[in-house]
Structure formats: structure tokens, C-alpha cells
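Asker: curious how this folds, go ahead:
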Amino acid sequence: MALLKAVSYLESRSEVDKNRIGMAGSSWGGFFTTLMVGIDSRLKVGSCLYGTGNLQLGNAWWDGNSKNGREPPSAAERARWHNTLDPAWRLPTKKTPIAWFTGTNDQFYFLSGVMQTYDMAAGAKHLTLVPNWDHALPQVIHDESVMAWLDEHLQEKRRFPRVSPVEVKNDQGRLIARWKFAGDVEQADLIASYGEPGNWRGRYWHSFAATIEGGDCRAELPAGTLPCLVSGSVVSASGLRSSTRLARVDSQALGVTASIPVPAYDGCQEWGGFEAGQIAYLDRHHRGGQTRWVPRVSDDAIEGKHSAILEPGQTALPPILSTATVPHRFTCSLKADSPVEVIVQLGGEQRSFRIGTSWTEVQL
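Answerer: Numbers count the residues shown, from 1 in each chain. So this is what the prediction gives:
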């Protein structure tokens, strides 16, 4: 009711054009923006940073780190939520433009819910997916993009490129992804995550550069024995990113032979080198309300420019991204001012290492 009254108040103001009222929100604000677009036709546009609908498909409060001891809802309770309280269920009845801007690994609003909510929207819609980011986004997307979508529909300033769905086909034994776009585009990429849907917070997303020719994008997708989810994106000169909805790809079904389940990757690559961009990644998440380790750095590094300083006591590393069902190996290099015993723990496994004054590689 408070939000409905807020729109009524804006309409009552003489300086407000009632035909140019929109709504934007972050996290729960995105949840309520999705809700209001489905309820209140007086809104001309909605722009959602993180928050979404279809929470019955998974969310932090029912299925993740914010359960606080609560039992997850039953299937019947989730169905009741979906058909009564969920903010997305009215979207098919409205033509109001709406956009969602999110990281692929958002721990609060799972990507499965974003995808289904996007599919339900009946009006003009937009999607921006940023691979391997949780409940935080780079500054240019966090600030500029959300407002740019409002400008596009309230001030008639078209800024976002439009994209067609991505398609992946067998092209002479190789998996080739193609999608089209309209608008001013400077670069394009394909993101892919191997394994069946699930493990939304922890799954790793590969990024593959795409070529642009006219209004067409093309990227090769490495084949894996595991199926994968893919999305194509284009980026404008001003940094505005437009993404396709996810598509599922099965190499075997397309007749492409694969010898490995997933291409090799570093599940710590977003932060594990402790260079300036990686520290910024940690800091953006920390500022976004997620307590993250943002280390002091040292110029004494085994590779690159920096290493992280581990303070005495216990240090909880940021999430290490992975692929379900596939064995992984954690590797790091350690050194100390004087010999010390270091315990490395990963899940239920831990090992003790004697670390000296030279760089020592340890694995788990």
C-alpha cells in the first residue's frame, strides 16, 4: 500500500508529469519494483537491480545462507507462494517495460528465478548478466545502467542495444554460438557454465570473446561431456551491457564429441591474484552488504604485482567457484617472515603445512 500511495503522491504534484513515472530498486527494491510493475499500470517503466520474482525456485531465505535455522518451505507452500504473493505472477498481464541487472551468482535471488521472471514479462524487457558476480556489480552497471533504462522509456533516449536469442549449432564438428543485435555495439562475449542447472551461487562461468560482423555475433563454445548454459552479450561504447536469456546446450545431442567434462579454469580468478581489479571485485561485494575478506596487499609476489597478507588467526577466503560432479584441486603459494604452521581447510578436508621464508606451493 505504501508504494501505491507513493505513486499517488507523485501524481498529485504539479511538477511531476504523471505519464513519466517509473520505479527502480536494488535487492528487495528490485523485488518490489517487479511487484509494482505487475500491479500498478501508472508506472511507465521498472528497473531492477538484483531483485526478482519466482522465489519459489530458490532464494537465500529458504534455500541458502540466510535460512537462520528455518526449515525450507514444502513444494505445496512454494506453489502457494507462486500463485499468490510472488511479485512475478502478474507480469503476463502488463505491457510495462522492465529490466533486470544481476550477477550470475547472486546468492539472494537465484538466477533460475530471474530467468523465469524475464520470460513472464509481456512488455519490452531487458537483461544484463555479469558472470561470476554475486550480490554486487561493477560500478558502471550498478549506477549507470539502472538509470539508463529509465531514461530510455521516460525520456525516449534509446541507449541499450537489442539482442536476439542465442543459438548454438554444430558447425563442422564445432559448437558455434550466434546471436544478432541492433544498436551501437563495441564488443561482444559469450558466457557459459557447465553442468545442469543448480549450484547457482557456486558455479563457475567462462567468458569467451565473440566476433562482430554487421549485426551478427559469433563465438566458439568448447565442447564438454557435461551440458552447459550459455548467454550472449553485447556492450555499447558507453559500457551498457545487453544479454540474451540462458540457453541449454548439450554437445552430445548436437553430435559434437567431447573428451573432458568442462574446459580447465581457475575458480579463484576473480580475486585470487590480488591485483587492483581483483581487490576492487572483493571491495564491491563487501560494500554491497556481504562480509568479504578484503586483504592488505604486499609487493612481494610469486607472480604478478601483489600478494595478500594473511593476518594471524583464521582467514575465510571468498567463494571458490566450481562445477558440480567434477573433482577440483585448490593450489596456493605461501611464505612467512619466520617458519610457521599453516592449516588449509576446504569443505570437510584440511591439511597442515610447514611454511618457511621462501614461497611454498600447497595443494588440497
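Asker: and the strands in the stretch 101-250 of the chain?
Answerer: Under the criterion DSSP state E, counting those that start in this stretch, strands of the stretch 101-250 of the chain are mapped to 125-130, 162-163, 167-171, 174-182, 187-194, 206-209, 211-213, 216-221, 228-235, 241-243, 247-249.
Asker: report the buried residues of the longest one.
Answerer: In other words, strand 174-182. Neighbour-count burial for strand 174-182 flags Leu175, Ala177, Arg178, Trp179, Lys180, Phe181 (criterion: 16 or more other CB atoms under 10 Å). In short, each C-beta sits where N, CA and C put it, glycine included.
Asker: before we move on, what about the fifth one?
Answerer: Under the neighbour-count criterion of 16+ other CB under 10 Å, strand 187-194 has Ala188, Asp189, Leu190, Ile191, Ala192, Ser193, Tyr194 buried.
Asker: before we move on, what about the last one?
Answerer: Of the residues in strand 247-249, those buried under the neighbour-count criterion (16+ other CB under 10 Å) are Ala247, Val249.
Asker: past that strand, which element shows up next along the chain?
Answerer: Downstream of strand 247-249, the next assigned helix or strand under DSSP states H and E is helix 276-287.
Asker: what helices or strands is the helix or strand just after that next one leaning on?
Answerer: Once the chain leaves helix 276-287, the next helix or strand it forms, by DSSP H and E, is strand 297-298. When contacts are defined as 3 or more CB pairs under 8 Å, 6 or more residues apart in numbering; DSSP states H and E, strand 297-298 packs onto strand 307-308.
Asker: note down every partner strand of the strand it packs on and its orientation.
Answerer: In the sheet containing strand 307-308, its partner strands are strand 297-298 (antiparallel), by DSSP bridges.
Asker: need the residues that contact the partner strand.
Answerer: When contacts are defined by CB atoms under 8 Å, 6 or more residues apart in numbering, strand 297-298 is touched by residues Phe274, Ile279, His306, Ser307, Ala308, Ile309.
Asker: how near is the third one to Ile355?
Answerer: In this case it means His306. Relative to Ile355, His306 is positioned 19 Å away (CB to CB, to the nearest Å).
Asker: kindly report the same for the second one.
Answerer: With the distance defined as CB to CB, Ile279 ends up 23 Å from Ile355.
Asker: possible to save the contacts of strand 297-298 as CSV with neighbour count?
Answerer: Converted to CSV, the contacts of strand 297-298 look like this (neighbours: other CB atoms under 10 Å):
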residue, neighbour count
Phe274, 19
Ile279, 18
His306, 19
Ser307, 21
Ala308, 22
Ile309, 12
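Asker: which one of the residues you listed is nearest to Ala76?
Answerer: Ranked by distance to Ala76 (CB to CB), the contacts of strand 297-298 are led by Ile279 at 46.0 Å.
Asker: quick check: the closest one touching Val294?
Answerer: Yes. Here Ile279 reaches Val294: they are 6.7 Å apart, a contact under CB atoms under 8 Å.
Asker: which residues are in contact with each of the two?
Answerer: Listed contacts common to Ile279 and Val294 are nil; contacts here mean CB under 8 Å, 6+ apart.
Asker: can you tell me how far the closest residue to Phe110 other than its chain neighbours sits from Pro263?
Answerer: Leaving aside its sequence neighbours, Phe110 sits nearest to Gly58 (CB to CB, 6 or more residues apart in numbering; 4.0 Å). For Gly58, the distance to Pro263 equals 26 Å [CB to CB].
Asker: comparing the two, which shows the higher neighbour count?
Answerer: The residue with more neighbours, out of Gly58 and Pro263, is Gly58; 20 against 15, by other CB atoms under 10 Å.
Asker: can you pull out the residues in contact with the helix or strand where Val362 lies?
Answerer: Taking DSSP H and E as the criterion, Val362 maps to strand 360-363. With CB under 8 Å, 6+ apart as the test, strand 360-363 has contacts from Arg329, Phe330, Thr331, Cys332, Ser333, Leu334, Lys335, Val342, Val344, Arg351, Phe353, Ile355.
Asker: now do stretch 5-12
Answerer: Contacting residues not belonging to stretch 5-12 are listed as Val16, Lys18, Ile21, Met36, Asp40, Arg42, Leu43 [CB under 8 Å, 6+ apart].
Asker: can you mark which positions in that stretch are buried?
Answerer: Using 16+ other CB under 10 Å as the test for burial, stretch 5-12 gives Val7.
Asker: ok, stretch 217-237 next?
Answerer: Neighbour-count burial for stretch 217-237 flags 217-224, 226, 228-236 (criterion: 16+ other CB under 10 Å).
Asker: for the strand holding Val362, what is the distance to the chain centroid?
Answerer: Distance of strand 360-363 from the chain centroid (CA atoms, centre = their mean, to the nearest Å) equals 31 Å.
Asker: which strands border that strand, and is each parallel or antiparallel?
Answerer: Strand 360-363 sits in its sheet next to strand 331-334 (antiparallel), going by DSSP bridges.
Asker: the strand it pairs with - what's its average pLDDT?
Answerer: Here strand 331-334 scores 96 as its mean pLDDT.
Asker: and it, what's buried?
Answerer: Neighbour-count burial for strand 331-334 flags Cys332, Leu334 (criterion: 16+ other CB under 10 Å).
Asker: then it to PDB, C-alphas only?
Answerer: The C-alpha coordinates for strand 331-334 follow below in PDB (Å, rounded to 0.1, in the frame of the first residue of the first chain):
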ATOM      1  CA  THR A 331      46.500 -24.600  -5.100                       C
ATOM      2  CA  CYS A 332      48.100 -21.600  -3.400                       C
ATOM      3  CA  SER A 333      51.600 -20.300  -2.600                       C
ATOM      4  CA  LEU A 334      52.600 -19.200   0.900                       C
END
